[in-house]
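[1] with the input below, show me the fold.
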Amino acid sequence: GVVVRGLAVQRKVSMTGSVTSRSNAVEVKYVPALVSDASEDVEFESGWGQTGTLGKLDETSGNETLPEAPADLRTNLAETAFFYPQLRTNEQGEISFSFTMPESLTRWNFRGYSHTKGMLMGTLDGEATTSKEFMLTPNLPRFVRVGDKTSLALTPMVAACGIPVAKMSGRGLGHTGGTIDKLESFPGFSTSLTTEQFIENVNKIGIAIMGQTADLAPADKKLYALRDVTATVDNMSLIASSIMSKKLAAGADAIVLDVKTGSGAFMKSREDAFALAEEMVKIGKNAGRRTIAVISDMDQPLGMAVGNALEVKEAIATLRGEGPKDFTELCMVLGSQMLMAGGKALSVEQAREALTKVIEDGSALRKLSEFVEAQGGDPKAVTDPSLLPKASMVVPVCADRDGFVGRIACEDVGICSLLLGGGRETKESEIDLSVGILLEKKKGDAVKKGEVLGYLHANDEKRLEAAKEKFRSAYFITDYQPEAEPLIKGILQ
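    Below you'll find the predicted structure:
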């Protein structure tokens, strides 16, 4: 008989086996050891599939006494099989082979079959589990439509704390540019990375952001390009499937979602935002990923800047400790969840302390500079934001009465940016990276007649006039100061 022993090695995912002669019964064991006293030359056949039942062979009679077992119908067809029908042992009776694991799969069932020249047979069943460096992906831009610069500041903060961040991003849908559009404000910056470059950047500097590749959720890429022009940008099913399909396919270990609610968000009502968050957290959990959703307010623009290069400048200011209060707080909340998910902090307090430190000592800003340089951009623009694109005209828009800013129609501010050329009207539209809006007043602020509400950055007179009217109509001045709304509505996990 023969004894078949095997070893499943994690990370490199190599399977090693050996065969030795022993008694006249076939005994099959799966043990974490190698056997080197093989005395018979055997052939070894292997494949990937379901486990089976082992039996005995009677060497003297040649009769097989394998117990019968009902065949199990396969219900999960989402698997890959490798077959090596001509493997042979070496002089020590060992067999070794290796292969590359797809990033999206982490556990494999293994079955090996071996026989001697005398046709004594044995099987080996085992399981291999891969592992890789912990990678945490913040998922932000699809929900932040007005003042969407969160990932530009957040990813360097988290990476500076020791958590690698890999992000698949898209271009703008609707009012403003997406994360990729904003990053292209850095001269020479490119998100057209190969998979090897993407992985190298994550391992080397802790950050990589790239556009969607053709082989990662390919159907989503077509849907992403068409949502603007088919009036389906705010469809909950498309949002959930688009976000989670890419994040899961990219192999992230943990996903942090920033789900917006309010007049500037896809989900206008609090109820819809929580429903979407719950749906995506459920999808993530069912796929075996730790998924956290932070529901935050978008009833007014986030921060003070709306527009591509303007938002990049605000993100840089935030990494210097000079950012708007609401934007900085959101980065701290999301960053705290990411650090705890990555095991770098045991509590929110500890996480916030770490994030504050990387801002104060400048390491977060340096991390942004490293990231920009690694992807072909000019790192000088990080230390000198005046090198970023600038509009030819900066025009103030003033209040027409005394009072308080009672409400800002956030979506109208986004449309204003679109009118200036900061967004895409069709999927073929080109974005003007230099245009946008800098707000001077937010909800609850007191204003005087003639006081500046905001500055429009423009390059075209006709676009400017249309945008001015839209911006004026976005501000509602009231006699009474409105109650302050909490920035963070809730956290689901």
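
[2] residues contacting Tyr475?
    399, 405, 408-409, 441, 453 (C-beta atoms under 8 Å, 6 or more residues apart in numbering). All C-beta atoms are positioned from the backbone trio N, CA, C, and that covers glycine.

[3] which of those lies closest to Ala466?
    Nearest to Ala466, judged by C-beta to C-beta, of those is Ala409 at 15.8 Å.

[4] local confidence estimate at the closest one?
    Ala409 carries a pLDDT value of 91.

[5] how far away is the closest residue to it other than its chain neighbours from Gly126?
    In space, Ala409 comes closest to Ala474 once its chain neighbours are excluded; the distance is 4.3 Å by C-beta to C-beta, 6 or more residues apart in numbering. Between Ala474 and Gly126 the computed distance is 63 Å (C-beta to C-beta, to the nearest Å).

[6] out of those two, which sits in the more crowded spot?
    Ala474 (24 against 18; other C-beta atoms under 10 Å).

[7] Asp299 versus the more buried one, what's the distance?
    12 Å.

[8] phi, psi of Gly362?
    Taking degrees, to the nearest 10, you get phi 80, psi 0 for the backbone angles of Gly362.

[9] neighbours of it, how many?
    14.

[10] can you pull the pLDDT of it?
    Note for Gly362: predicted pLDDT of 96.

[11] where does Val397 fall, secondary structure wise?
    strand 393-398 (DSSP states H and E).

[12] average pLDDT for that strand?
    96.

[13] show me the contact partners of that strand.
    Against strand 393-398 from outside (C-beta under 8 Å, 6+ apart): 449-459, 461, 464, 468, 471-472.

[14] which among the residues you listed count as buried?
    Among the contacts of strand 393-398, those classed as buried by 16 or more other C-beta atoms under 10 Å are 453-459, 464, 468, 471-472.

[15] ok, so of those, who is nearest Val158?
    Val158 has its nearest neighbour among those in His457, at 29.8 Å by C-beta to C-beta.

[16] helix, strand or coil for the closest one?
    Assigned by DSSP: H, G, I helix; E, B strand; the rest coil, the conformation of His457 is strand.

[17] so who does it touch?
    307, 310, 390-391, 393-394, 420, 434-438.

[18] do you know the pLDDT at it?
    Predicted confidence (pLDDT) for His457: 97.

[19] returning to that earlier point: which ones among the contacts of His457 are found in strands?
    With DSSP state E as the criterion, strands contain 393-394, 436-438 from among the contacts of His457.

[20] weed out the non-buried ones from the residues you listed.
    Here, 16+ other C-beta under 10 Å leaves 436-438 buried among these.

[21] pLDDT and distance to Asp258 added to these, as a markdown table?
    A markdown table is the format used below for those (pLDDT from 0 to 100; distance: C-beta to C-beta, whole Å):
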| residue | pLDDT | distance to Asp258 |
| --- | --- | --- |
| Gly436 | 94 | 21 |
| Ile437 | 96 | 21 |
| Leu438 | 96 | 23 |
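
[22] nearest to Glu329, of the residues you listed?
    For these, the nearest to Glu329 is Leu438 (19.6 Å; C-beta to C-beta).

[23] ok, the residue nearest to the closest one when sequence neighbours are not counted - contacts?
    Among residues not flanking Leu438 along the chain, Tyr455 sits closest, at 4.7 Å (C-beta to C-beta, 6+ apart). Contact analysis of Tyr455 by C-beta under 8 Å, 6+ apart lists 394-397, 437-438, 440.

[24] can you do 10 Å?
    Tyr455 makes contact with 310, 391, 393-397, 436-440, 471, according to C-beta atoms under 10 Å, 6 or more residues apart in numbering.

[25] with distance to Asp384 added, can I get those in JSON lines?
    Converted to JSON lines, those look like this (distance: C-beta to C-beta, whole Å):
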{"residue": "Leu310", "distance to Asp384": "16"}
{"residue": "Ala391", "distance to Asp384": "18"}
{"residue": "Met393", "distance to Asp384": "22"}
{"residue": "Val394", "distance to Asp384": "19"}
{"residue": "Val395", "distance to Asp384": "25"}
{"residue": "Pro396", "distance to Asp384": "25"}
{"residue": "Val397", "distance to Asp384": "28"}
{"residue": "Gly436", "distance to Asp384": "19"}
{"residue": "Ile437", "distance to Asp384": "23"}
{"residue": "Leu438", "distance to Asp384": "19"}
{"residue": "Leu439", "distance to Asp384": "24"}
{"residue": "Glu440", "distance to Asp384": "24"}
{"residue": "Phe471", "distance to Asp384": "29"}
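
[26] out of these, which is nearest to Phe274?
    Using C-beta to C-beta, the contacts of Tyr455 come closest to Phe274 at Leu439, 27.6 Å.
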